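Visitor: Make a model of this:
(chains A and B)
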Amino acid sequence: MTLLAIDWGMLVEKLVLIGAIISVSLLIAMYSTYAERKVAAILQDRVGPDRAGPWGIFQPLADGGKLFFKEEIIPNTSNKLLFVMGPCLAMLTAMMTSAVIPWGNQIHFNLFGIDRYINLQIADINIGVLFIFGVVSLGVYGIMIGGWASNNKFSLMAAMRGASQVISYELAMGISLIALLMLTGSLSMKTIVEQQIQGRLWNVAYQPLGFLLFFICAFAECNRAPFDLSEAENELNFGYHQEYSSMKLGFYLFAEYINMFISSVIMATLYFGGYDMPFVNEANLSVNVAAIVGIVALMAKVFIFIFIFMWVRWTLPRFRYDQLMNLGWKSLIPLALINMFITGAVILWRQG
Amino acid sequence: MSTTEILFWFLSVLALVGATMVLISRNPIHSILWLIVVFFAISGHYILLNAQFLAIVNLIVYAGAIMVLFLFVVMLMNLNSDTEPQKNNWMKIAGAISGGCLLLIMIDVVSGSSDMQNKTAIVKEGNIGLIKVLGKVLFTDYVVPFEISSVLFLSAMVGAVVIGKKEKETPNP
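Guide: Sure thing, here's the model as predicted:
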């Protein structure tokens, strides 16, 4: 091909990788809904879903089928194009973040006469953390456009709440990340993980306060309880997706679970060593075994985080709106600034 | 045509169409959404010029923050095409003429300036937009203007808070 000078091998490799990562994220998000019901059931001393299949493990399929077959209603007074665009944007921005996350180190592929080393990361760009930040800040549009296009004042109010909450907590999140970046000196996710593998402790040991702030902000960014004010049904009927039905509603709900999964991955990567299995020296293993060990380690950390997300949701009551804003602006941002100053001072002091 | 050229033309067309749609959309919300498309196209151009940092900062600041603010304001005021005040035709013609004059002057200045002549953009090679290089330049060569502009932003922020603050209620006479 002279028209498009592209490395076709790399293109195929990346497409396969993208397909695999998206299907795995969707699968995990699907089973997060099941896990959430089971966790809620255990915390409330119930049984939870147990009808569809053994222990109810086909429940997500049944839910999905129900959503697909429901009647699709588009309100007459809504803005039709934007009404459909809302859930699409929510899903798109939820999935886009996975592009810069290193899911493992490398796998060695030697089959059909092809001999390649494949990086388990879609794009190792030198601004990985900023990319995540950019996508997160675009995530607001899914909520806002959907809420506005419904042409319903409760949806609009809920969308405003959701958007202002996300914007407010983005600040504290960014400042707590700056402290981490001063420590690592790199914005590439891969480099951050490699630094944690090579001899150093995990970043959480150096940045406990920063991690705590990031964790709280992640709850708010995902619109999860106790920060799910945009879905406060006792004040706003149902939230920004009130007019939605069928799979468009399903996409909104699903995007929340994907966001939860992805933010768990980000926390594991930035603060808990990513694909680093503790007490195992990956360099001694063969490439493929090391990759499998790495993926298992990352997923174990991610599942622990997802469990904590659910645990908190079914334990803490929802914040009131003014409490939410006070927490964000008057507690988290000053704490994040103090954390940043202390980190900077320590780095300068150690340099002498 | 190489891949870069195809991308360049695609992004340019997208940016121009988006900018035109910003102007001719009746609905203010649609205008804002088209403006977001324009920012995406411009970020794409930055990436073609190997300025990834500028590209992503453009997205974070403009598409992620400022446009959300615009959307907020327009949605809360509930503007739509019915409430848009109609200007008379003479005003429209006068606006078109003066805007066209400004456009001509800008094209002339840009194409006539000696910095621009016989130069081609460095695609995929230049490194001024990478975060390491840009950070070094900002904190060594341009540190004073950089700090002064940050003070400007700070004062703007304080000013906004002062204006937005509720005045103390005066006791009724």
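Visitor: show me where the stretch 1-150 of chain A has strands.
Guide: With strands called from DSSP state E, counting those that start in this stretch, the stretch 1-150 of chain A shows them at A:106-111, A:114-119.
Visitor: and of those, who's closest to chain B?
Guide: Taking Cβ to the nearest Cβ, strand A:114-119 is the member of the strands of the stretch 1-150 of chain A nearest to chain B, at 18.2 Å. Using the backbone N, CA and C atoms, a C-beta is placed for each residue, glycine as well.
Visitor: Partner strands of the closest one, with direction?
Guide: Strand pairing for strand A:114-119, determined by DSSP bridges: strand A:106-111 (antiparallel).
Visitor: So which bits of the strand it pairs with are buried?
Guide: By neighbour count on 16 or more other Cβ atoms under 10 Å in any protein chain shown, the buried set for strand A:106-111 is A:106, A:107.
Visitor: dump the residue contacts of the residue of chain B found nearest chain A.
Guide: Chain A sits closest to residue B:64 of chain B, with a gap of 2.9 Å, by Cβ to the nearest Cβ. Applying Cβ atoms under 8 Å, 6 or more residues apart in numbering or on different chains to residue B:64 gives the contacts A:134, A:137, A:138, A:140.
Visitor: if you set the cut-off to 7 Å instead, what comes out?
Guide: Contact partners of residue B:64, counting by Cβ atoms under 7 Å, 6 or more residues apart in numbering or on different chains, are A:134, A:137, A:138.
Visitor: correct me, but the first one touches residue B:56?
Guide: Spelled out, that is residue A:134. Yes. Assessed by Cβ atoms under 7 Å, residue A:134 is found in contact with residue B:56 at 5.0 Å.
Visitor: can you pull the pLDDT of the residue of chain A found nearest chain B?
Guide: Closest residue of chain A to chain B, Cβ to the nearest Cβ: residue A:137 (2.9 Å). In this model, residue A:137 is scored at 84, pLDDT.
Visitor: ok, now the one 10 residues further on?
Guide: At residue A:147, the pLDDT value in this model is 82.
Visitor: my guess is it contacts residue A:157, does it?
Guide: No. Using Cβ under 7 Å, residue A:147 is not in contact with residue A:157, being 8.1 Å away.
Visitor: Compare these two (neighbour count), which wins?
Guide: More crowded of residue A:147 and residue A:157, by other Cβ atoms under 10 Å in any protein chain shown: residue A:147, with 29 against 18.
Visitor: Could you find the closest non-adjacent residue to that one?
Guide: Leaving aside its sequence neighbours, residue A:147 sits nearest to residue A:159 (Cβ to Cβ, 6 or more residues apart in numbering or on different chains; 2.4 Å).
Visitor: what does residue A:196 give?
Guide: What sits nearest to residue A:196 in space, not counting adjacent residues and going by Cβ to Cβ, 6+ apart, is residue A:273, at 4.4 Å.
Visitor: what residues does the stretch 101-250 of chain A put near chain B?
Guide: By Cβ under 7 Å from any Cβ of the partner chain, the residues of the stretch 101-250 of chain A that approach chain B are A:125-127, A:130-131, A:133-134, A:137-138, A:140, A:144, A:148, A:156, A:160, A:163, A:167, A:187.
Visitor: List phi and psi for residue B:94.
Guide: Phi and psi for residue B:94, reported as degrees, to the nearest 10, are phi -60, psi -40.
Visitor: The residue nearest to residue A:196 contacts residue A:202, doesn't it?
Guide: Yes. Assessed by Cβ under 7 Å, residue A:273 is found in contact with residue A:202 at 4.4 Å.
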